[in-house]
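Participant: whatever this is, show me its structure:
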Amino acid sequence: MAGRNFLTTDDLSDSELEALLELAARFKARGPGALLAGRILGMVFFNPSLRTRASFEAGMFQLGGHAIDLSIGQGVWKLEHRDGTVMDGDAAEHLREAVPVLARYCDLLSVRCFPSGKDWAVERTDPILSGFAAYSDVPVINMESSLYHPCQALADLLTIREKLRKTKGKRFLLTWCRHPRALPTAVPNSAALIASRAGMRITIARPPGFDLDPDIMARVRANARKSGGSVEVVDGFEAGFDGADVVYAKEWGSLDHYGDDAAEKALRARHTDWMVGARQMKRTRDALLMHCLPVRRNVALADEVLDGPWSVVVDEAENRLHAQKALLVALAGKAGPKAKTRTAARARR
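Facilitator: Presented below is the predicted three-dimensional model:
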């Protein structure tokens, strides 16, 4: 994996995914040591973060390296990603210059770039993330984009394996929950993709009008066929809880009304009963209750389940740290700071 980008879990072969999870478990049990001494991670945030920012920075410190936090528009120039644009607005710099410069300073780059909610046909191509990948000559890590949150998915699967040991044949419910805003689909996309690779029996419960992207669903079904799992999509909130081993709760907006805020909000407002409580969890097989966080209490999940015996959300968040340490080591390799190698190579020209 050394030197490659990590934009989605589909970038990993089955053997690479297994090796990452085993390395993450080893780091969690014994600590990693200073495997990335002298290495630098540049973290570029176009959007807010708590767990992602803290876990990557803590992970680099524990590995003996350093992380640079760059929050766009907050002490860092606003960046333009569109080609051919007359840059007479707020953006002071283009990705075509900014990314190669950061790649000269850093051994790895990571980027968080949510969709704007305007045009799904454009945003489903992940233009900012794609720009970083195109213009960087060091590995680029996706810290959540329009389509994917692969680092969260690694932590999710690590958590499920820790708690259940076996994943094949286990029932995985991905349930839509209510929220006052239309949230991105990156987390449910990545949760479904990773569960489908683990041979799980997946139920996706969502109200009509809240389907995930059809290309994502096609890949989820293909993964399930290959791994021996299954996928079903249901309309009813209560439908998937019976016998579930994992309940993954997540809020997301309607792609059917993407860019039409009024219509999307009106559709979402019809489903205020989609909140997971003890009544639903008691129908499961003492299921793990998972959520990527942040979560709005008593909107998406009731206090009684977040504070109850089902919740593993804090363990899940902790595993972001360990999964990402494994990822950083795998992408960076152990041959010493790549920045020095690049500098020496340029000097020889």
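Participant: quick one, phi psi at Asp156?
Facilitator: In this entry, Asp156 is assigned phi and psi values of phi -60, psi -50 (degrees, to the nearest 10).
Participant: for the helix or strand harbouring Ser130, what is the average pLDDT?
Facilitator: Counting by DSSP states H and E, the secondary-structure element that holds Ser130 is helix 127-135. The average pLDDT for helix 127-135 rounds to 98.
Participant: same check, this time on stretch 222-239
Facilitator: Per-residue pLDDT over stretch 222-239 has a mean of 97.
Participant: over to stretch 65-76?
Facilitator: 96.
Participant: equivalent analysis for stretch 20-31, please.
Facilitator: Averaging pLDDT along stretch 20-31 gives 97.
Participant: follow-up on the earlier one: export the helix holding Ser130 as CSV, just CAs?
Facilitator: As requested, C-alpha coordinates have been extracted for helix 127-135 and formatted as CSV (Å, rounded to 0.1, in the frame of the first residue of the first chain):
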residue,chain,number,x,y,z
PRO,A,127,-14.1,17.2,-7.4
ILE,A,128,-12.1,18.5,-4.5
LEU,A,129,-10.8,15.1,-3.3
SER,A,130,-10.1,14.2,-6.9
GLY,A,131,-8.1,17.4,-7.4
PHE,A,132,-5.9,16.6,-4.4
ALA,A,133,-5.4,13.1,-5.7
ALA,A,134,-4.5,14.4,-9.1
TYR,A,135,-2.1,17.2,-8.1
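Participant: counting by contacts, list what the helix or strand that that helix is followed by packs against.
Facilitator: On the C-terminal side of helix 127-135, the closest following helix or strand by DSSP H and E is strand 140-142. When contacts are defined as 3 or more CB pairs under 8 Å, 6 or more residues apart in numbering; DSSP states H and E, strand 140-142 packs onto strand 108-112, helix 127-135, helix 150-164, helix 313-332. Using the backbone N, CA and C atoms, a C-beta is placed for each residue, glycine as well.
Participant: quick check: Leu288 touching Ile160?
Facilitator: Yes - under the criterion of CB atoms under 8 Å, Leu288 makes contact with Ile160 at 6.8 Å.
Participant: intersection of neighbour lists for these two?
Facilitator: Jointly contacting Leu288 and Ile160 under the rule CB atoms under 8 Å, 6 or more residues apart in numbering are Val246.
Participant: centre of the chain to the helix holding Ser130, how far?
Facilitator: The chain centre lies 17 Å from the centre of helix 127-135; the measure is CA atoms, centre = their mean, to the nearest Å.
Participant: can you report how many residues neighbour Pro48?
Facilitator: Here the neighbour count serves as a burial measure; for Pro48 (other CB atoms under 10 Å) it reads 12.
Participant: part of a helix, is Ser145?
Facilitator: No - secondary structure assignment places Ser145 outside any helix; it is coil (DSSP: H, G, I helix; E, B strand; the rest coil).
Participant: tell me the contacts of it?
Facilitator: The neighbours of Ser145, taking CB under 8 Å, 6+ apart as the test, are Leu7, Val111, Arg112, Cys113, Phe114, Pro115, Asp126, Ile128, Leu129, Ala186.
Participant: what residues are up against Pro207?
Facilitator: For Pro207, the contacting residues are Trp176, Asp235, Phe237, Leu267, Arg270, His271, Trp274, by CB under 8 Å, 6+ apart.
Participant: doesn't it belong to a strand?
Facilitator: No - counting by three-state DSSP, Pro207 is not part of a strand but coil.
Participant: from Arg268, how far off is it?
Facilitator: 8 Å (CB to CB, to the nearest Å).
Participant: same question for Leu293.
Facilitator: From Leu293 over to Arg268 (counting by CB to CB), the distance is 20 Å.
Participant: the two: which is more packed in?
Facilitator: Arg268 (24 against 13).
Participant: check which helix or strand covers that one.
Facilitator: helix 261-268.
Participant: swap in Arg53?
Facilitator: Under the assignment given by DSSP H and E, the secondary-structure element containing Arg53 is helix 51-62.
Participant: what packs against that helix?
Facilitator: Helix 51-62 makes packing contacts with strand 40-45, strand 66-71, helix 313-332 when contacts are defined by 3+ CB pairs under 8 Å, 6+ apart.
Participant: how about these in TSV, adding distance to Pro100 and mean neighbour count?
Facilitator: Shown next, in TSV, are those (distance: least, CB to CB, whole Å; neighbours: other CB atoms under 10 Å):
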stretch	distance to Pro100	mean neighbour count
strand 40-45	12	23
strand 66-71	15	18
helix 313-332	18	22
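Participant: out of those, the one nearest Gly31 is which?
Facilitator: The stretch from these with the least distance to Gly31 (CB to CB) is helix 313-332; that distance is 9.5 Å.
Participant: any idea of the angle the helix holding Arg53 forms with helix 150-164?
Facilitator: Direction vectors for helix 51-62 and helix 150-164, defined by axes from the mean of the first three to the mean of the last three CA atoms, to 10 degrees, enclose an angle of 80 degrees.
Participant: can I get helix 51-62 in PDB? Just the C-alpha atoms.
Facilitator: Taking Å, rounded to 0.1, in the frame of the first residue of the first chain, the C-alpha atoms of helix 51-62 are listed here in PDB:
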ATOM      1  CA  ARG A  51     -12.900  13.000  16.100                       C
ATOM      2  CA  THR A  52     -11.200  13.100  12.700                       C
ATOM      3  CA  ARG A  53      -9.000  16.000  13.500                       C
ATOM      4  CA  ALA A  54      -8.100  14.800  17.000                       C
ATOM      5  CA  SER A  55      -7.500  11.100  16.100                       C
ATOM      6  CA  PHE A  56      -5.200  11.900  13.100                       C
ATOM      7  CA  GLU A  57      -3.200  14.400  15.100                       C
ATOM      8  CA  ALA A  58      -3.000  12.000  18.100                       C
ATOM      9  CA  GLY A  59      -2.100   9.100  15.900                       C
ATOM     10  CA  MET A  60       0.800  10.900  14.200                       C
ATOM     11  CA  PHE A  61       2.100  12.000  17.600                       C
ATOM     12  CA  GLN A  62       1.900   8.400  18.900                       C
END
